[in-house]
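Engineer: heads up, no residue letters with this:
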């Protein structure tokens, strides 16, 4: 048996100040969302990561992405869209993972906090810490799938939920 080193402990140097810095960045991003220009500029990193997750998962699951944009576009009757990815082959099997792919930014933000931000602050690299704090906060700020994402993947999510329930019922002998 080998000794496993934990990814982090509450005593990890720089973790507490790093978490405070991420929360400060997140609050700043949240509070300054009053105009499309400020929202688009401050949220550009998060928008890029959000759309990149859609692109990457769509590419891996054969959704055939055909366009990628992080430029704000006014959609008549709906407001502004900060970014988008269009696909050629999104279907019942890949729509849910593609729609929910921004949730992958949750562990990405944690990895930035623990693996880069906390060590940078522990070593006194405060300017680097400020930048990494923005990256982690952007990950967590933009990780929520949009209404459009959820609408696109709704039938697929329902199919996976029903399939999961059927498999659970079979595994647990429900109905015998």
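Structural biologist: Sure, I can see it. Note that the coordinates shown come from a computational prediction; the quantities given were computed from them, not determined experimentally. Residues are numbered from 1 along each chain as shown.
Engineer: CA only for contacts and neighbour counts going forward, please
Structural biologist: Noted.
Engineer: State the number of residues packed around residue 38.
Structural biologist: 13 (other Cα atoms under 10 Å).
Engineer: One more: residue 137?
Structural biologist: Neighbourhood size, residue 137 [other Cα under 10 Å]: 30.
Engineer: what do you get for residue 121?
Structural biologist: The number of residues packed near residue 121 is 21, by other Cα under 10 Å.
Engineer: could you say which helix or strand contains it?
Structural biologist: helix 118-122 (DSSP states H and E).
Engineer: now swap in residue 153 and tell me
Structural biologist: Judged by DSSP H and E, residue 153 forms part of helix 147-171.
Engineer: for that helix, packing partners?
Structural biologist: Here helix 147-171 touches helix 95-100, going by 3 or more Cα pairs under 8 Å, 6 or more residues apart in numbering; DSSP states H and E.
Engineer: How far does whichever helix or strand comes after the helix it packs on sit from its chain's centre?
Structural biologist: Going down the chain from helix 95-100, the next helix or strand is helix 105-112, by DSSP H and E. A distance of 8 Å separates the centroid of the chain from that of helix 105-112, by Cα atoms, centre = their mean, to the nearest Å.
Engineer: Can you list the buried residues in helix 105-112?
Structural biologist: Judged by neighbour count (16 or more other Cα atoms under 10 Å), helix 105-112 contains these buried residues: 105, 106, 109, 110, 112.
Engineer: Can you give the contact residues for it?
Structural biologist: With contact meaning Cα atoms under 8 Å, 6 or more residues apart in numbering, helix 105-112 is reached by 49, 50, 53, 132, 135, 136, 137, 138, 139, 140, 142, 143.
Engineer: For residue 155, see how far away residue 29 is.
Structural biologist: The spacing between residue 29 and residue 155, counted by Cα to Cα, to the nearest Å, is 32 Å.
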